[in-house]
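>>> here are the coordinates; sequence isn't available:
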């Protein structure tokens, strides 16, 4: 069984039920996504988790309306200025989770860009913040990607994150926000991924 997870129902409005695929709406944000997914993984047995949704893009890494695959997704756990947290006893924070490299490569071979993600708890709406994330290597931004990939990783289930680009990150007045275009891009990459699963 494959678990297909999105933050909200509208992101996958195009989806038609397929045998062997279970849909899950996680809710918006990293906490809702990780809690909902962890509960689902505890109740069922899955061979793959797919996180599918819309995303913003940094620095022209893709165009609004593109479908992309996310290679790895990061969530910053640090001081407000970006400096690392000083934790006792050599504790190391897990800030990055990865999509299945084999599936990423297969989607790349079909022409989909493979980009690095960052998960945030608020939408980037200033050019200053957008530059900071881009300087850290982020190319796309979501609110659930890391949470879903990490929950699947903790459960020992392979996972992949795919996104449709809905806007440019930064100044909201210049973001070009287009939910429908993001969903159209997502539709293309989701269809391609599930063709590979047949």
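Received the coordinates, thanks. Fair warning: this is a prediction, and the values are worked out from it, not measured in the lab.

>>> who are the contact partners of the residue nearest the centre of the chain?
A centroid search over the chain (C-alpha atoms, centre = their mean) returns residue 145, at 3.1 Å, as the residue closest to the centre. Shown here is residue 145, whose contacts under the criterion C-beta atoms under 8 Å, 6 or more residues apart in numbering are 51, 53, 55, 70, 73, 117, 119, 161, 163. C-beta here means a position set from N, CA and C on the backbone, and glycine is covered the same way.

>>> let's go with 6 Å and repeat that
Residues near residue 145 by C-beta atoms under 6 Å, 6 or more residues apart in numbering: 70, 73, 117, 119, 161.

>>> now it: closest residue in space, sequence neighbours ignored.
In space, not counting the residues next to it along the chain, residue 145 is nearest to residue 73; the distance is 3.9 Å by C-beta to C-beta, 6 or more residues apart in numbering.

>>> just to check, the one you found is in contact with residue 147?
No: in this structure, residue 73 is not within contact of residue 147 by C-beta atoms under 6 Å, at 8.6 Å.

>>> spell out the secondary structure type for the residue nearest to residue 190 when sequence neighbours are not counted.
Residue nearest to residue 190 in three dimensions, not counting chain neighbours: residue 52, with 5.4 Å by C-beta to C-beta, 6+ apart. Each residue gets one of three states, and residue 52 gets strand by DSSP: H, G, I helix; E, B strand; the rest coil.

>>> one more: the one 3 residues further on?
Of the three states, residue 55 takes strand under three-state DSSP.

>>> all helices for the chain, in order.
30-43, 101-109, 127-135, 145-155, 179-196 (DSSP state H).

>>> returning to that earlier point: of the contacts of residue 145, closest to residue 98?
residue 73 (7.8 Å; C-beta to C-beta).

>>> in the protein, what helix or strand scores lowest on average pLDDT?
For the chain, counting by mean pLDDT, DSSP states H and E, helix 127-135 ranks last in confidence among helices and strands (a mean of 80).

>>> which of the residues in that one are buried?
Of the residues in helix 127-135, those buried under the neighbour-count criterion (16 or more other C-beta atoms under 10 Å) are 129-130, 133-134.

>>> now distance to residue 2 too, for those, in TSV please.
What follows is the buried residues of helix 127-135, written out as TSV (distance: C-beta to C-beta, whole Å):
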residue	distance to residue 2
129	35
130	33
133	30
134	32
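
>>> which of the residues you listed sits closest to residue 86?
Ranking the buried residues of helix 127-135 by separation from residue 86, with C-beta to C-beta as the measure, puts residue 133 on top at 23.0 Å.

>>> on that earlier part again, how close does the residue nearest to residue 190 sit to residue 154?
Residue 52 sits 20 Å away from residue 154, taking C-beta to C-beta, to the nearest Å as the criterion.

>>> stretch 169-178: how far from the chain's middle?
The gap between the average C-alpha position of stretch 169-178 and the chain average comes to 19 Å, counting by C-alpha atoms, centre = their mean, to the nearest Å.
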